[in-house]
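**Student:** next input, structure requested:
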Amino acid sequence: MANGRRPGSYECGVDAAMDVIGGKWKVLILWALSVRRHRFGELRRELPGVTEKVLAAQLRELEADGIVHREEYEEVPPRVEYSLTPRGVSLNTALEPLGAWGRANVLGGMTPETVTPEPIP
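**Tutor:** Numbering: from 1, shown residues only. Here you go, the predicted structure:
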């Protein structure tokens, strides 16, 4: 985990996990990256309402925690792509039951077929 976190002061595993995914946009970033790798601008368009500053900060935190991989390409103009690391994939797997709960209890029992695309949260 990143140095800015508070290892050792967690009450339980959920507390530690919430430290990693806390924030309005992180779970939605994980959802978008579960579908495919994205460039910064693509992520911003896919998450209406997020500001560049907040998106950049949340991506940096997810990268520092080993959840997101940032790939820089030596091109002109510069190109950067974000994807999930194996740790990020396992986090999305852990979030799948939360997404199922939301579909069943908040979205009125909609099935995954009626709410697309939503493979997770």
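
**Student:** how many residues are close by Cys12?
**Tutor:** 8 (other C-beta atoms under 10 Å). Placement of C-beta: from N, CA and C, glycine included.

**Student:** where in this structure is pLDDT low?
**Tutor:** 1-8, 109-121 (pLDDT under 70).

**Student:** nearest residue to the middle of it?
**Tutor:** The structure's the chain has its C-alpha centroid closest to Leu30; by C-alpha atoms, centre = their mean the separation is 2.2 Å.

**Student:** that one is in contact with Ser90, isn't it?
**Tutor:** No - contact criterion C-beta atoms under 8 Å: Leu30 and Ser90 do not qualify, at 11.0 Å.

**Student:** which neighbours do these two share?
**Tutor:** Jointly contacting Leu30 and Ser90 under the rule C-beta atoms under 8 Å, 6 or more residues apart in numbering is no residue at all.

**Student:** need the contact list for Leu62.
**Tutor:** Neighbouring residues of Leu62 by C-beta under 8 Å, 6+ apart: 20, 26, 29-30, 68, 88.
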